[in-house]
Every structure is written in C-alpha cells, then in structure tokens.
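**Student:** Sequence first, then the predicted structure:
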There are 2 protein chains.
Amino acid sequence: MRARRIVILTEGHSNPHTAKTACSVLRYRTDEVEALLDSTHAGETTGQVLHVGGETPIVGSLDDVRSADTLLIGIAPPGGKIPTSWRSIVLQAIARGMDVVSGLHDYVSADAEFTAAARRYQVELVDLRKNSDRDIALHPSLRTGCVRVLTVGHDCSVGKMVTSLEVTRELQRRRIDAKFLATGQTGMLLTDAGCPVDSVVADFVSGSVERLIVEHQQHDVLILEGQGSLVHPSYSGVTLSLLHGSVPHGLILCYEVGRTTVTGISHLKIPPLAQIKDLNEKMANAIAPCRVIAISMNSRRVNATEAAIERQRREEEFGVPVSDVFRDGPSRLADAVLKLRDRLLGDQIRGTGDE
Amino acid sequence: MRARRIVILTEGHSNPHTAKTACSVLRYRTDEVEALLDSTHAGETTGQVLHVGGETPIVGSLDDVRSADTLLIGIAPPGGKIPTSWRSIVLQAIARGMDVVSGLHDYVSADAEFTAAARRYQVELVDLRKNSDRDIALHPSLRTGCVRVLTVGHDCSVGKMVTSLEVTRELQRRRIDAKFLATGQTGMLLTDAGCPVDSVVADFVSGSVERLIVEHQQHDVLILEGQGSLVHPSYSGVTLSLLHGSVPHGLILCYEVGRTTVTGISHLKIPPLAQIKDLNEKMANAIAPCRVIAISMNSRRVNATEAAIERQRREEEFGVPVSDVFRDGPSRLADAVLKLRDRLLGDQIRGTGDE
C-alpha cells in the first residue's frame, strides 16, 4: 500500500487484544500514523494505552487531525462486523475526503451508504479481505532451494505475524534473500505480498496459499504468516489449509506463556504444547516431511525471571531454540531457519532430499 | 426441494466419477428424473452408462424430453466452473421455461446472460452452493441425548454421502429418530437440511456446521455427511472444519478398496488407513472425545470374493464392523451407531459422560 497519513479508528476498543490491527500498524508503519481516534482515551498517547507507537496522540474527533488522508479500521472482531456506533465516524471521514481502509469481513465497499458517500466525495474504500480467489490446490513440484517456513500456534493471537515479520527482517539483516508472506488483513497492510486466507471461499484456501508460494518461490527463504490453530474449533480449517497449501519444510511454533483456554471459547482448554507440536507435525507429514524447528514464546504476561525459567524449561522439553522475539530478539529463531536451510541443501547434495 | 421433472445435464461427462451429482440424483430421486442429456450416449440408458437409474433414457437434445421442467447440472468439477460448451444448452433450457438447478461454485444466478434470459422467460435459477453464512463457531454445549456421527474418508469421492444416507435410512427403518444432514450440493438435493460447507467463506465453515447441528439436535441421532479428507491438500481445511464444527461422538471411516493416490493429485500417495484413522481421532479428540465406530468399505473395483477377504482383514486390523453399504447393506454400520448411542447413554447414567 502507498504511504498514507493514517488515523486509526479504535473508538471504545483500545486494548492490545481487540485492537491487534492498530497495534501492528503502530509498530510497523509508525511514521504514517498521525493519530488514534478513541474519545474514551483522548489526550493520552498510544504508548500509554496500547504499549506501542510511543508519543502518537489519541484524539477524540477527526477535527483534531485535519492532516490525515486515510481512516483505518483498527480492530478485527470475530465475525468481522463494523460496530454500529462507528458508522457515523466512517461517514464523517469520507465527507472529509479521507480514504477508508478496512480488514473486516463485512466489506465497506459493499455497504450502500458508504459507497454512495465515497462516490460523492471521490474517495477510495479499500477492503483488505476482499478477494475472488478460485484456485484449487494441486500440490505442484516446488523449487528446490526455496525454503518454506510457516508459523503455527497453540491459539489465535499469540504472535504468529509478529514472529514471521521479525524473523524475516533478521534474515534480511544477514543479507539472506528472505520474504515475508502475509495471510491476514493486518499482515497485508505491512507488505506487498499476501492473501487474506480466512476470507477465501473454503474450497480455495489451500489453493490461494499455494499460488502465493509459487509466485514468490524465487526467494531463498519464504516465511509464511500462520493463522488460528489446529485446535481452535472456529479457525482450525483455515490453519490446516495453510499447512497443506504451503507444504512447509519447517514450522516455528508460537505460544503465549500463561494462556490456558481457547480465545473466544473460554470453556475449552488448550492442549499441552507437546500435543500441539505433535498434531502440527503429524498433519504436515501426512503430505510432506516437516518438523518444528524453533519455538516463539510470547512472554508478555510474565516478568523477565519467569520468562527465562520458562524458556529453559521449554528448550529442555523440546530440544529446539526458544525465544521471545521482543524480549530476546529473533536471532536464535533466524539461526534455526538457516540451520534448516543448510540441512535441506545438504540433503539435496547427498541426494536424500524429498523434493 | 419440491418435486420436479428433471433432465440431468452431463453432456460429454457421463462417467460415474465426474457425474457424481447425476448418479446420486438418479439413485435417490429416481422418480423425478425424466432423462439424462448427453448426445455422446443418446439412445442408451443411465443403467448402462452410469450403473444407476435403470431404464432412465439418455437423450441427445432437449427436444426429446419436452415434459421436463428442470435442468439439473449433473457434474461438480474441481473449481466448479460450467463447461463453455454447455452454455448454449442452459440457455435453450431457460428459453423452454425450465428452471436451472446447479451445484457449481460459479453461480448460474451470477451470470449476466443466464439471469437476463431467466428474467425474460420467468424461470428460476437455483444455486445450491450459494450462501451468506457468517457464523463463527462458538463450541456451545450441545443436547445430551443427541448422538452425532460424522462420515470421514481417506480421500474425496469414496462414498461418504451415500454411507451417511444409507445408515440414516436404516436407522429410520428401525424407527430410530435419525436425521441425515447434508454438507454438499448433491446431498442438499436429497434432503431439506444442509449447508454447502465448501462454499462458505473460510472463517465461517465450522460455524455453519455448528449451526446446522444446533438446529437439528432435537433428533436422537444426527448423521452428518463428511467432505474431502484430512490428507487431501485441496480440501483438508473443509474436512477439519466439519470435524471441529460438528463435535461428533463417533466417526464412520469411508474408503475405497484399491484407491492409492489422492484424487486430482496423482503424484501424492494416500497414507495407510490406520494413519487416516489415527489422524481423524487425534484431531477430533483435541476438542472432544470421539472414535471411529465403523468402517464403510467401497468395494466397487473388486469382485465379491476379494471384497469379503478385504472386509475380514480390515475387521481384524481395526476391531470395528466393516461393510460395503451396497454389497452388504448398512445394517452393521447402523448397529455400530446404536452401540455408540447405548454407550453414551450408559455414560450419562453413570455420570461419566463428557458433556
């Protein structure tokens, strides 16, 4: 997406979990964000309220950010509907000549009132999730020499996108030809390559992922953003389509320390991490060889000492590197990707590879 | 769907695998089918060409079946597009005042030429796959006393729908309050309860299945039609959404004797049946207790002696009843459902149930 001057709308929903989209844009497109719009926190900063974006101001009205040219819907609620009370704010923004960018399932460009206003004020309505993907996965031969890594998790919203981005950036810093591939609306705000997989018609999800891989396999390493979890009843189908559509060589398993129940289904327990790892490896290996190469630990709920103990415990349990990409940096996860690449190249040279 | 006088269109595609929809309608709505339309087999019967429907004639032109009021698209190709050469036949049918019923992904009701013609001749265009489902699965408590059984398979097109229908009918013959729930376009032609799961936007597939279950759980037994397979890269996401959306107590595992490679992906081997069983049970049990209660063997490619040997071998391997619903009838599979019901009722009485 071209550079914009963005107001992020999170009115009444400015907490790190609900405003996941807002947080990521604040983190990774910081310079383009003029303000966050939430009258319940007007006068504060995003750093204070969302712990990201530093001094970026929170305003109570569009009147306070006349320089902005884009209103970005900053939440992604389950079901993806726009809160009714937000409609008037969206219409105000359109009347000011601002484009509206949305990652909701309910397309702003399919809303009669919004489209009429957009025509009148000649602004653009951008739906990140809109697609007409109709590719059936055919499991083609993929380029030997392109290493595919997918992030998976024990639940949704544990840090799969952030892990994927941070590992890609670390590899790029080391001058590896690595590419981040987005699979959700927020990731798509942050890169030029992606597919909104959860919004594709079910029969075509793995096909759309496969096409994304095929289109970018000239790179040496592809780091694919995962979605949901194999044990989240609402999203497990999307997760499996990603696993089978991308045919990864390696998985980075993401989890949050202290998370015990499935997001949105509080009466359902998340199975132990060892079981999550086993299910992902079993489901992947039914199609092609694949293993968990590293673990990305989201330790935001615990202090540094607790995080260090947890990290060591998990490394002993699983025998792979464990890191919190914010606390520890992505270095050891990137090492694991390069180790995987070396192993695959070695297999090729020895003729023991599987491709 | 109301009673109709149907011509099934399979022009150039009259073989049992491609014309799956045609075969099922011939089998289960026999009395409503006037003819099959395929000029390459004109003069033959469906019994001769498709091994179903007995003396139902195959005609070369709509002129030969003037009594028909409905044209049914009789194939469901991967990707779901209508063959270009069929367009003129569809337009002819509309011009004769026939409704058009289609299970394709490409909606006939979204085709400008078809809709213009339908308006002109005042006929109905029915798209079985069309839906606007937007339910997120919430994993609610379900009614104790309603037993849920899902058919799963080692590949697509092995007989999951037929198995589900035959077992339901057998249970109904025994005066059990059993209900068949369709999840595909063909199944939906044959019953009043269903959801075209592979055509739902990915995030909402398990939610649409969950809603289907909730809407029909007043019945004592629900037999849910499965789709695809957990190891078919094109459809595994849909399969898992079904498994996690329906939270089945029991699975009937369907397979075809002699099938070794994944349909549509001939370079990919199907894993052994024991692995398929294990993957399905593991993925189901990550959410709720569930086991394979019987095996439905599709033995169309082998003779009776070979089928009997295979049946015995599989019963010894898995310790559950194995039957071909056509060769052996659905009786033993229905027995397995009732045994499951008795076990669940017993668990409830003893207070060891899981719901």
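**Tutor:** In hand now; what should we look at?
**Student:** in chain A, which spans are strands?
**Tutor:** In chain A, the strands defined using DSSP state E lie at A:6-9, A:33-37, A:58-59, A:70-73, A:99-102, A:125-127, A:147-153, A:178-181, A:221-224, A:250-256, A:261-262, A:265-269, A:291-298, A:322-323.
**Student:** Of these, which is nearest residue A:346?
**Tutor:** Evaluated with C-beta to C-beta, the strands of chain A place strand A:147-153 nearest to residue A:346, the distance being 12.4 Å. Heads up, the C-betas are built off the backbone N, CA and C, glycines and all.
**Student:** Span of stretch A:313-326 from start to end?
**Tutor:** From its first residue to its last, stretch A:313-326 covers 19 Å (C-alpha to C-alpha, to the nearest Å).
**Student:** What residues of it count as buried?
**Tutor:** In terms of neighbour count (16 or more other C-beta atoms under 10 Å in any protein chain shown), stretch A:313-326 has its buried residues at A:314, A:315, A:318, A:320, A:321, A:322, A:323, A:324, A:325.
**Student:** Sort out which one of the residues you listed lies nearest chain B for me.
**Tutor:** Closest to chain B out of those is residue A:318 (18.5 Å), distances taken as C-beta to the nearest C-beta.
**Student:** wait, that closest one sits on residue A:277?
**Tutor:** Yes - counting by C-beta atoms under 8 Å, residue A:318 touches residue A:277, with 6.9 Å between them.
**Student:** Which ones among the buried residues of stretch A:313-326 lie within helices?
**Tutor:** A:314, A:315, A:318 (DSSP state H).
**Student:** now the residues you listed in JSON lines, with distance to residue A:183?
**Tutor:** Shown next, in JSON lines, are these (distance: C-beta to C-beta, whole Å):
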{"residue": "A:314", "distance to residue A:183": "25"}
{"residue": "A:315", "distance to residue A:183": "28"}
{"residue": "A:318", "distance to residue A:183": "25"}
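**Student:** Which residues of the stretch 51-200 of chain A lie near chain B?
**Tutor:** Residues of the stretch 51-200 of chain A lying close to chain B (C-beta under 8 Å from any C-beta of the partner chain) are A:78-80, A:105, A:134, A:136-139, A:197-200.
**Student:** what do you get if the cut-off is 6 Å, keeping everything else the same?
**Tutor:** By the rule C-beta under 6 Å from any C-beta of the partner chain, the part of the stretch 51-200 of chain A lying against chain B is A:78, A:79, A:136, A:137, A:139, A:198, A:199, A:200.
**Student:** which among these end up buried?
**Tutor:** Buried among those by 16+ other C-beta under 10 Å: A:78, A:136, A:137, A:139, A:198, A:199, A:200.
**Student:** quick one: which of the residues you listed sit in helices?
**Tutor:** Among these, no member falls in helices (DSSP H).
**Student:** Would you mind listing what in the stretch 201-350 of chain A touches chain B?
**Tutor:** Residues of the stretch 201-350 of chain A lying close to chain B by C-beta under 6 Å from any C-beta are A:201-203, A:205-206, A:231, A:233-234, A:236-238, A:240-241, A:244, A:265, A:268, A:271, A:286-287.
**Student:** OK, contacts around the spatially most central residue of chain A?
**Tutor:** Geometric centre of chain A, nearest residue: residue A:161, 3.2 Å, by C-alpha atoms, centre = their mean. Residue A:161 is in contact with A:187, A:225, counting by C-beta atoms under 6 Å, 6 or more residues apart in numbering or on different chains.
**Student:** any idea of the pLDDT on it?
**Tutor:** Looking at residue A:161, its pLDDT reads 97.
**Student:** repeat for residue A:80
**Tutor:** Residue A:80 carries a pLDDT value of 78.
**Student:** surely it meets residue A:103?
**Tutor:** No - using C-beta atoms under 6 Å as the test, residue A:80 is too far from residue A:103 to be in contact (8.0 Å).
**Student:** can you count the residues close to residue A:55?
**Tutor:** Neighbours of residue A:55 under the rule other C-beta atoms under 10 Å in any protein chain shown: 8.
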